[in-house]
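K.L.:
Have a look; sequence and predicted model below, questions after that.
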Amino acid sequence: MTFLKQITAAALLASTTLAGQAFAEGGTLVIATTQTPRHLNGSVQSGIATAVPSTQIFASPLRYDENWEPQPYLAESWETSADGLTVTLNLVSGATFHDGEPIEAEDVAFSILNTKEHHPFKSMFEPVESIDTPDTQTVVINLSKPHPALLLALSPALAPVLPKHVFGDGQDPKSHPANSAPVGSGPFMLEEFTPGEAIVLKKNPNFFIEGRPKLDEIVFRIVGDPSALLIAMENGDADMYPFMAGSQEIRRLEKDDDLAITTEGYAAVGAINWLAFNTASPKLSDVRVRQAIAYAVDRDFITKALHRGVSSPQRGPIIESSPFFDETIPAYDVDLDKAKALMEEAGFGDGMDLTVDYIPGPKEQQQSVAEYLKSQLKKIGINVTVRAAPDFPTWAGRVGGHDFEMSMDVVFNWGDPVIGVHRTYLSDNIRQGVIWSNTQQYANDKVDSLLNQAAVELDTEKRKALYGEFQQVVATDLPVYWINSLPYHTAYNKKLLNPPQGIWGAMHPMDMVEWSE
Amino acid sequence: MNSAYLLRRIGYGLLLMLGVIVLNFLLIRLAPGDPAVVIAGEMGGATEEMLASIREEYGLNKPVLTQLWIYVSGMARFDMGESFFFNLPVSQLIAQRIGPTILLVLSAQLLSIVIGVFLGVIAARNPRGPLSAFVSIFATIGYAVPVFWTGIILIILFASAFPIFPVEGMQSIRLRDAPLFTRVLDIAHHLVLPAFTLAIIYLAQYARLTRASMLDAMSADYIRTARAKGIGERKILFSHALRNALLPILTVAGLQFGNLISGALLVETVFNWPGMGRLAFDSILRRDYPTILGVLFFASLMVVIANILTDFSYRLADPRLKDET
């Protein structure tokens, strides 16, 4: 009954918002991107580059609306048992893979277990003990402990439903040949994949949602050089540029009358630009030194001057647009006197030397901030040496190997804190040689216990309270000084209707996107 | 032509290729950074077990010399291995890109020789004239300016001021389903700026070289004889002097081929040309060893082949060399 209501509501909403607009049948959408996917299977690979095409090729049990509410997708309904240990999905009937085989409970079970075993985000499905398939349309997920993040982990970007008859043939899923030539379940089918150059997707005529997708074709053009990409957008050679983060690019495309620019669609990915401290370093093990650095840095200068106002300040570990963000955590507004006093108290009144690394990438987000830190921290007696890395492998080797003092980094929240936040702060995730683990080597029992409780708390309000307390503790301990959220923008042709928005943006099926006129 | 010479030349070429393979293999491993960490990073983080399994899968946990042996014996069977990054055969990645690179390099070579020689000939006609001075100045500038700079300037110029040439890519995405002829025209249209950018350095060199060797030839006795016989100046320039002046140009053209390929790497990156250059550039950043080695192998192969062909054409052009072995 609920499902029927939802459908009716959605239909009503659609008819009111779109009334009076004329549509063009089908058409091609050209998406330009600087991101090179390794392959197209989001079940064994995280990251934007794979997730954007993967969410077009593969459907998932659920999808999300702009209010962080799960919506039916391959599962037409779902329920969590009272003890939180069983989640049952009821699949739509009649859905088929791109090769015509039916999508059944077996495939969904296989896909979740495959993702559990081979996806780098272990926390997504770690509590999944077993999956029962009492009939072809019912999936019963048995959990070892309650797992409130599970529903979000069933999103298109994280839980693609793969055909078991293709991917379950015993080959290593991480390097399976079908990763680059997938048989999918989503609104678009792969037509052509030239690694590093282009991906061509065609409409799936047998998609299980009637009347969708609207477009005939989506073409991804991978353009290495952002300036070439801007020219393509300006000339109309490309229709959409998601994940644009450079202030110059944003300001330049804003001037184009044919293009619309939005910041919608990036709430779930939650990209945070931060300064990480190696808390095992003798110079940075004292919390007062880390706090002194925080008091010396001006987030507003970084967002307003260095980023020309396109990015926004980020005060804590959970992205400010998430329902779990706690407004009341300390912000560390600039206070040089306080910073100097803290340095004095910590026994570094005579100053110290520190190095800062930065992840190679857009200069504005990383290198410029690192250089700003150098000049700003000089004011409190810290001599900073900026240590450039020629490329990602060199930087990853240093930070993963814990051979750093401070490092600029960008880390994603990935929707639920369990997926993208815990990994940075849990003491059992200190792993030598692994980037984006707890490379700060931060260990606090209180934090471990709060995070472990929040991971199993089914009551959203109580969960918020646990995360609130967690944010207070880490904002005091400062293993990381959070600076800004990455100013992701999507530029798109104004004639495009329903551009990717919601919480997942372009990492969400574009089955409703269409051309006007 | 002497077939023993031919065989020996090819034999040297094969030896050279083996040296290239071994040297590249060892050099690339001197770069800091671990491919397994990059792959794990691309996947979004990992555990120690995952890193170990990646190293195991790609054979990175074996001693370097064992890895070298595996690689060389693979190459002997024409197996270039699998890309660490894309998990696809390197041969497939290169096959998708070698066409655009050859198209770009050959077009640039042709443009630079034809225009360069032409400019050189006219400059030689009147060595003290304004045209000659222009060729000299143009040649100096063309030779001094780095290709990526020329490329960026051309992009700025043609993207906004004179939008008559496309500034990126090899074909319009919207013409993918157009008739063949339209697509060929479209590719030619896209080729203009990158080919010209790549050609400009060599064009300048050919112009200077042609001018110098034409001046040399023009002062030779046979030219005076030709003039005395009353042959037209144009015929003297192009069929008498140029034929003799061409030899050094031919040599340089062969030697330049390697430089053209390395220049193509930059030009492809600037113009988003879908060739091997961009693949090489990206693969280096990813420490995708098999792919880098594959691209280097093909680039060296093209140079070796070009050098052998130059040798032969040299012999064809200069009958005096025919019997030398």
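P.N.:
Arrived safely. Numbering: from 1, shown residues only, chains lettered A, B, ... in the order given.

K.L.:
Enumerate every residue touching whatever residue of the stretch 151-300 of chain B ends up closest to chain A.
P.N.:
Here the residue of the stretch 151-300 of chain B nearest chain A is B:Glu168; by C-beta to the nearest C-beta that distance is 3.8 Å. All C-beta atoms are positioned from the backbone trio N, CA, C, and that covers glycine. When contacts are counted by C-beta atoms under 8 Å, 6 or more residues apart in numbering or on different chains, B:Glu168 touches A:223, A:225, A:228, A:231-232, B:155, B:271-272.

K.L.:
what do you get if the cut-off is 7 Å, keeping everything else the same?
P.N.:
Applying C-beta atoms under 7 Å, 6 or more residues apart in numbering or on different chains, we find B:Glu168 in contact with A:223, A:228, A:231-232, B:271-272.

K.L.:
Could you measure from the residue of chain B found nearest chain A over to B:Pro194?
P.N.:
Taking C-beta to the nearest C-beta as the measure, chain B has B:Gly33 as its residue closest to chain A, at 2.5 Å. Counting by C-beta to C-beta, to the nearest Å, the gap from B:Gly33 to B:Pro194 is 30 Å.

K.L.:
Next, the residue of the stretch 151-300 of chain B closest to chain A: phi, psi?
P.N.:
For B:Glu168, the backbone dihedrals (degrees, to the nearest 10) come out as phi -150, psi 150.

K.L.:
what's the helix or strand that A:Lys338 is a member of packed up against?
P.N.:
Using DSSP states H and E, A:Lys338 falls within helix A:336-345. Judged by 3 or more C-beta pairs under 7 Å, 6 or more residues apart in numbering or on different chains; DSSP states H and E, the packing partners of helix A:336-345 are helix A:287-296.

K.L.:
pLDDT wise, what is the most centrally placed residue in chain B at?
P.N.:
For chain B, the residue nearest the mean C-alpha position is B:Ile261 (2.2 Å; C-alpha atoms, centre = their mean). Per-residue pLDDT puts B:Ile261 at 86.

K.L.:
That one: what's its closest spatial neighbour, skipping adjacent residues?
P.N.:
B:Ala299 (5.0 Å; C-beta to C-beta, 6 or more residues apart in numbering or on different chains).

K.L.:
likewise A:Phe121?
P.N.:
In space, and not counting its chain neighbours, A:Phe121 is closest to A:Ile419: 5.4 Å by C-beta to C-beta, 6+ apart.

K.L.:
ok, the one you found - contacts?
P.N.:
When contacts are counted by C-beta under 7 Å, 6+ apart, A:Ile419 touches A:121, A:123-124, A:149, A:153.

K.L.:
tell me the pLDDT at B:Ala124?
P.N.:
At B:Ala124, pLDDT is 84.

K.L.:
does whichever strand or helix holds it come close to chain A?
P.N.:
Assigned by DSSP H and E, B:Ala124 belongs to helix B:90-125. Yes: using C-beta under 7 Å from any C-beta of the partner chain, helix B:90-125 reaches chain A at B:93, B:96.

K.L.:
Just give me how far that helix sits from the chain centre.
P.N.:
Distance of helix B:90-125 from the chain centroid (C-alpha atoms, centre = their mean, to the nearest Å) equals 7 Å.

K.L.:
So for it, what gets flagged as buried?
P.N.:
B:90, B:92-94, B:96-98, B:100-105, B:107-109, B:111-113, B:115-117, B:119-125 (16 or more other C-beta atoms under 10 Å in any protein chain shown).

K.L.:
if we can go back for a sec, farthest pair within the contacts of A:Ile419?
P.N.:
A:Phe121 and A:Ala149 (10.1 Å; C-beta to C-beta).

K.L.:
what about these two, which has more around it?
P.N.:
Each of A:Phe121 and A:Ala149 has its neighbours counted (other C-beta atoms under 10 Å in any protein chain shown); A:Ala149 has more, 24 against 20.

K.L.:
mind listing what that one touches?
P.N.:
With C-beta under 7 Å, 6+ apart, A:Ala149 has these contacts: A:416, A:418-419.

K.L.:
run the last query once more with 8 Å
P.N.:
A:123-124, A:415-419, A:455.

K.L.:
picking that back up, and the gap between the residue nearest to the centre of chain B and B:Leu296?
P.N.:
For B:Ile261 relative to B:Leu296 (C-beta to C-beta), the value is 10 Å.

K.L.:
coming back round to it: chain center to the helix holding A:Lys338, what's the gap?
P.N.:
Counting by C-alpha atoms, centre = their mean, helix A:336-345 comes out at 36 Å from the chain centroid.

K.L.:
Would you mark the buried spots in the next helix or strand after that helix?
P.N.:
Using DSSP H and E, the helix or strand that follows helix A:336-345 in sequence is strand A:352-358. For strand A:352-358, a neighbour-count test (16+ other C-beta under 10 Å) marks A:352, A:354-358 as buried.

K.L.:
ok, and the closest non-adjacent residue to the residue lying farthest from the centre of chain A?
P.N.:
Here chain A reaches farthest from its C-alpha mean at A:Asp350, the gap being 41.8 Å by C-alpha atoms, centre = their mean. Excluding the flanking residues, the one nearest A:Asp350 by C-beta to C-beta, 6+ apart is A:Gly381, at 7.0 Å.

K.L.:
Quick check: the residue nearest to A:Phe121 is in a helix.
P.N.:
Yes: counting by DSSP: H, G, I helix; E, B strand; the rest coil, A:Ile419 is part of a helix.

K.L.:
where does it sit relative to A:Phe110, distance-wise?
P.N.:
Taken as C-beta to C-beta, the span from A:Ile419 to A:Phe110 is 21 Å.

K.L.:
Chain B: helices as residue ranges?
P.N.:
B:3-28, B:35-43, B:48-57, B:64-76, B:90-125, B:130-144, B:147-156, B:180-218, B:221-228, B:233-235, B:242-271, B:276-286, B:289-317 (DSSP state H).

K.L.:
which ones are touching the residue nearest to B:Ile261?
P.N.:
So B:Ala299 contacts B:258, B:261-262, B:276, B:280 (C-beta under 8 Å, 6+ apart).

K.L.:
Now list the buried members of these.
P.N.:
Counted by 16+ other C-beta under 10 Å, those give B:258, B:261, B:276, B:280 as buried.

K.L.:
since we're on B:Leu26, how many residues are nearby?
P.N.:
With neighbours defined by other C-beta under 10 Å, the count for B:Leu26 comes to 12.

K.L.:
cool, and A:Gln376?
P.N.:
21.

K.L.:
Verify the contact between it and A:Val297 for me.
P.N.:
Yes: contact criterion C-beta atoms under 8 Å: A:Gln376 and A:Val297 qualify, at 5.8 Å.

K.L.:
show me where pLDDT drops low in the chain?
P.N.:
Unless you meant another one, I'm taking chain A. Within chain A, the stretches with pLDDT under 70 are A:1-23.

K.L.:
wait, I meant chain B there
P.N.:
B:1-2, B:43-46, B:321-325.

K.L.:
re the thing from before, out of the contacts of B:Ala299, which is nearest to B:Ser313?
P.N.:
Using C-beta to C-beta, these come closest to B:Ser313 at B:Gly258, 16.5 Å.

K.L.:
ok, the residue nearest to that closest one when sequence neighbours are not counted - contacts?
P.N.:
The shortest distance from B:Gly258 to any non-neighbouring residue, by C-beta to C-beta, 6+ apart, is to B:Val303 (4.2 Å). Contacts for B:Val303 (C-beta under 8 Å, 6+ apart) come out as B:257-258, B:261.
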